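Trainee: Following is a predicted model, sequence given first.
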Amino acid sequence: DALDASIRTSFAFGVVADFRINDMWSILPEAYYSMQGAKGTDEGEEFTVALDYVRVPILVKFTIPTEGNISPYLFAGPELGFKVGCDAKNGESVDCDTALSEEFGGGTVQSFDYGLAFGGGVGFALGSGMLTVDARYALGMADAIDAPVDVDLKNSNIHVAVAYLFMLGQ
């Protein structure tokens, strides 16, 4: 909202559990490290803001009933984020809070984030577990920066994930 910026493409990795309620419904608690941020130009100078979070979504998953070894699914739920890193570069590395404070007239990067995640995917039975491929959109609902100026700076993400789920306790 405030700068001529585009998304920062990066990686996320973590763990997930799939607690089955029945054949169609389950709860997916997750914890993952997510590298987020933006890059662009400001007054002709290139900049990068790298915000790293540990994100904890609790998703409700609906598995669409099918025959065979392929299981399509949809999921949605709340997501919390805890900032674990912030780096800003505007030609050279600068303190993240200082750089953003100067850009937005004071303020700091928030250490806590929250939002909603939703998406879908498909699981393939493989060995004793399941290989999954899914895509999600995480809609940020909290301002990433506490600034005195009126800007809308929220963390929103698009994730494409590949995972292997081990079957435990069966």
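Mentor: Perfect, I can see it now. Numbers count the residues shown, from 1 in each chain.
Trainee: most distant residue from the middle of the protein?
Mentor: When distances are taken from the C-alpha mean of the chain, residue 67 lies farthest, 31.8 Å away, according to C-alpha atoms, centre = their mean.
Trainee: Which pLDDT does the model give that one?
Mentor: Per-residue pLDDT puts residue 67 at 90.
Trainee: And for residue 38?
Mentor: On the pLDDT scale, residue 38 gets 78.
Trainee: roughly how far apart are the residue farthest from the centre of the chain and residue 132?
Mentor: For residue 67, the distance to residue 132 (C-beta to C-beta, to the nearest Å) stands at 18 Å. Where you see a C-beta, it was placed from the backbone N, CA and C, and this is true even at glycine.
Trainee: still on that earlier bit, name the SS class of the residue farthest from the centre of the chain, please.
Mentor: coil (DSSP: H, G, I helix; E, B strand; the rest coil).
Trainee: now the strands for the chain?
Mentor: 4-7, 12-16, 19-20, 25-42, 45-63, 70-89, 93-94, 108-109, 112-126, 129-140, 145-146, 157-165 (DSSP state E).
Trainee: Not including adjacent chain positions, what is the nearest residue to residue 71?
Mentor: Nearest in space to residue 71, with sequence neighbours left out and distances taken as C-beta to C-beta, 6 or more residues apart in numbering, is residue 123 at 4.2 Å.
Trainee: List the beta-bridge partners for that neighbour.
Mentor: residue 71, residue 132 (DSSP bridges).
Trainee: tally of neighbours for it?
Mentor: Neighbour count of residue 123, defined by other C-beta atoms under 10 Å: 21.
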